[in-house]
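Asker: this is a predicted model, with the sequence first.
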Amino acid sequence: MFIIELTYKVPLAEIDAMMKAHVAFLDRHYAAGTFLISGRKIPRDGGIIVALGDSRAQLEAIMAEDPFVASGGAEIRIIEFRASQRAKDLPARLAP
């Protein structure tokens, strides 16, 4: 598993202008089964994506396609970890 941290490098107005394309990018990778959960950081200086992948290189290649990253509007940090425990009621805790 991977935690992907995005940090914005440009003003939020520029990020907001790319948001529709970024959401389409996210949707593609949710549909492919790569992304599990994502959202904005608080304060809003970037975002977090929890992902599954075969390798760091695979996730780096995927993230290079993110409009935020491809435009230079954000940089990424990828953290790989082995999930060894989880809350038994995880789906209920994540429900809106």
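Answerer: Thanks, I have the structure now.
Asker: CA atoms for contacts and neighbours, from now on please.
Answerer: OK.
Asker: surely Ile15 meets Phe68?
Answerer: Yes - with contacts counted by C-alpha atoms under 8 Å, Ile15 reaches Phe68, the gap being 7.0 Å.
Asker: the helix or strand bottoming out on mean pLDDT in the chain - contacts with which helices or strands?
Answerer: When each helix and strand of the chain is scored by mean pLDDT, DSSP states H and E, helix 90-94 comes last, with a mean of 82. Based on contacts counted as 3 or more C-alpha pairs under 8 Å, 6 or more residues apart in numbering; DSSP states H and E, there is no element that helix 90-94 packs against.
Asker: can you list contacts of that helix?
Answerer: Around helix 90-94, nothing counts as a contact under C-alpha atoms under 8 Å, 6 or more residues apart in numbering.
Asker: buried residues, that helix. List them.
Answerer: By 16 or more other C-alpha atoms under 10 Å, helix 90-94 has no buried positions at all.
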